[in-house]
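A.B. asks: pasting the sequence and the predicted coordinates here, then a few questions.
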Amino acid sequence: MSRMETLFAMTDNLKEKKNIFSRTFHIQTAGCRFRVKRIEPEPGTLLTTLVFLHEGLGCIEIWRDFPETLCESLGCSGLVYDRRGYGGSEMFEGPWPVDYLEVESSKYLPALLKECDIDNAVLIGHSDGGTIALITAASHSNMVRGIITEAAHIFVEQITIQGIRSAVEAFETTSLKEKFVRYHKEHTETIFYRWANRWLSPEFSNWNIQQDLSKITCPVLVIQGEDDAYGTPAQVEGIATQISGPVRVKLIPDCGHTPHFQAKDTVFLEMTRFIREIFL
């Protein structure tokens, strides 16, 4: 068994990284078995949990060590998990429903937070994860203290469609598929095409969550790279102008769709400052 296969198979592994501990295990809730990682600094200083929500092709490992680094710096707990259909969580076949982001936000994430006794969360979401953070805060404000989005979408743009079509071509003609196989193994094609086909489908072209944004009253930090191939600053402007709570915007030059890797120092600084200010 390879190192990655061993990681995907483990259900209760405790490991130490500097002054922080992380434990990966499984939780059964909302009719689904989720693989989660809990991060605990020693000692903790902020009474909150940072909840990391991965992108449309992501999983726990794709975050690398960013969650541990951020939690350690702030002295707060963390939760990272594989959404249903990803990584080591319960798999399923078939296409995503048109409202798959809403289902995650209204059913699975709230149930997982409740199961983990988290009611004061800061949601940190990348791409699809950012959208899920917004919808969750709009419908479950009692569980969310703040939101950080990276490259979130609130409606479908032509640049998004073009970017996904380019991703499909790269998946089929370059080594991109092999890179995802490291994380998703035999489920790689299912995960990739389920995501791509939903966003490229005609019935998804009118998907839009702007009508829910005014329900968000907690502080929000909106981050996006100026060179994001999947979204324009119109996404950022839409979030910033329509939510009801305080908002801070950070557009990062020379940065694409993954700011926490492509502009890690800038993102780390913005996130730590934002989270500390929430709890002043």
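C.D. replies: Yep, it's here.
A.B. asks: my read: residue 136 touches residue 109, true?
C.D. replies: Yes - between residue 136 and residue 109 a contact is recorded at 5.4 Å, counting by Cβ atoms under 8 Å. All C-beta atoms are positioned from the backbone trio N, CA, C, and that covers glycine.
A.B. asks: residue 36 touches residue 116, doesn't it?
C.D. replies: Yes - assessed by Cβ under 8 Å, residue 36 is found in contact with residue 116 at 7.4 Å.
A.B. asks: which residues do these two both contact?
C.D. replies: 27, 79 (Cβ atoms under 8 Å, 6 or more residues apart in numbering).
A.B. asks: which secondary structure state is assigned to residue 50?
C.D. replies: Assigned by DSSP: H, G, I helix; E, B strand; the rest coil, the conformation of residue 50 is strand.
A.B. asks: er, residue 22 I mean
C.D. replies: strand.
A.B. asks: distance between the ends of stretch 27-37?
C.D. replies: End-to-end distance for stretch 27-37, by Cα to Cα, to the nearest Å: 10 Å.
A.B. asks: isn't there a helix covering residue 267?
C.D. replies: Yes - counting by three-state DSSP, residue 267 is found in a helix.
A.B. asks: could you number the chain from 2 rather than 1 from now on?
C.D. replies: Right, with 2 as the first residue, what we last looked at is residue 268.
A.B. asks: who touches it in this structure?
C.D. replies: Contacts for residue 268 (Cβ under 8 Å, 6+ apart) come out as 151, 224, 253, 260, 261.
A.B. asks: what is the mean pLDDT for the helix or strand that contains the second one?
C.D. replies: Taking DSSP states H and E as the criterion, residue 224 maps to strand 221-226. Per-residue pLDDT values over strand 221-226 give a mean of 98.
A.B. asks: which residues in the protein form strands?
C.D. replies: 13-18, 21-30, 33-42, 50-54, 78-82, 122-127, 145-151, 221-226, 248-253 (DSSP state E).
A.B. asks: format these as a markdown table; extra columns: mean neighbour count.
C.D. replies: Shown next, in a markdown table, are these (neighbours: other Cβ atoms under 10 Å):
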| stretch | mean neighbour count |
| --- | --- |
| strand 13-18 | 10 |
| strand 21-30 | 17 |
| strand 33-42 | 20 |
| strand 50-54 | 26 |
| strand 78-82 | 24 |
| strand 122-127 | 27 |
| strand 145-151 | 26 |
| strand 221-226 | 25 |
| strand 248-253 | 17 |
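A.B. asks: could I get these as a markdown table with distance to residue 189?
C.D. replies: Shown next, in a markdown table, are the strands of the chain (distance: least, Cβ to Cβ, whole Å):
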| stretch | distance to residue 189 |
| --- | --- |
| strand 13-18 | 24 |
| strand 21-30 | 21 |
| strand 33-42 | 17 |
| strand 50-54 | 21 |
| strand 78-82 | 19 |
| strand 122-127 | 19 |
| strand 145-151 | 23 |
| strand 221-226 | 25 |
| strand 248-253 | 30 |
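A.B. asks: nice, that's everything, thank you.
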